[in-house]
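Peer 1: below is the structure, and that's it, no one-letter string:
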């Protein structure tokens, strides 16, 4: 796992600086191999590295590297993770409310 993030940075640099045909090649490879999801899984125990991977993926949207639909497909692992966290938060909030414990505005 230690070598995965630097490799993503190399790919990120190629996508942002070289562009051209490499974007099409990488788009196809990223989707077919689902390597973003694989790297995300390998970094599952390292929140900092996973956050850095997420940041790279976010910049691909900010820089318009891929069309939005493809960008979302590439980062489906992040979107799924957000859904799981939101569902868990809603469940916890509902349990707390049922137990008479409500969150204050500041936390």
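Peer 2: Alright, I've got the coordinates. Source: prediction; values computed, not measured. Numbering: from 1, shown residues only.
Peer 1: break down this protein into its strands, ranges please.
Peer 2: Counting by DSSP state E, no segments of the chain form strands.
Peer 1: and the longest helix for it?
Peer 2: Taking DSSP state H as the criterion, the chain has its longest helix at helix 76-98.
Peer 1: list the buried residues in that one.
Peer 2: For helix 76-98, a neighbour-count test (16 or more other CB atoms under 10 Å) marks 77, 78 as buried. Glycine gets a C-beta too; all of them are placed from N, C-alpha and C.
Peer 1: and the contacts of that helix?
Peer 2: Outside of helix 76-98, the residues within contact range by CB atoms under 8 Å, 6 or more residues apart in numbering are 36, 37, 40, 41, 54, 57, 72, 102, 103.
Peer 1: give the burial count for the third one, as a bare number.
Peer 2: Neighbour count for residue 40, taken as other CB atoms under 10 Å: 22.
Peer 1: repeat for the second one
Peer 2: By the measure other CB under 10 Å, the count of residues near residue 37 is 16.
Peer 1: what do you get for the fifth one?
Peer 2: Number of residues near residue 54 (other CB under 10 Å) recorded here: 17.
Peer 1: please tell me how far the spatially closest residue to it that is not a sequence neighbour sits from residue 48.
Peer 2: Closest residue in space to residue 54, ignoring its immediate chain neighbours: residue 78 at 5.5 Å, by CB to CB, 6 or more residues apart in numbering. Separation of residue 78 from residue 48 (CB to CB, to the nearest Å) stands at 15 Å.
Peer 1: follow-up on the earlier one: tabulate the contacts of helix 76-98 (JSON lines), appending distance to residue 84 and pLDDT.
Peer 2: Formatted as JSON lines, the contacts of helix 76-98 follow (distance: CB to CB, whole Å; pLDDT from 0 to 100):
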{"residue": "36", "distance to residue 84": "17", "pLDDT": "88"}
{"residue": "37", "distance to residue 84": "14", "pLDDT": "89"}
{"residue": "40", "distance to residue 84": "13", "pLDDT": "91"}
{"residue": "41", "distance to residue 84": "14", "pLDDT": "91"}
{"residue": "54", "distance to residue 84": "14", "pLDDT": "94"}
{"residue": "57", "distance to residue 84": "17", "pLDDT": "95"}
{"residue": "72", "distance to residue 84": "16", "pLDDT": "93"}
{"residue": "102", "distance to residue 84": "23", "pLDDT": "70"}
{"residue": "103", "distance to residue 84": "20", "pLDDT": "64"}
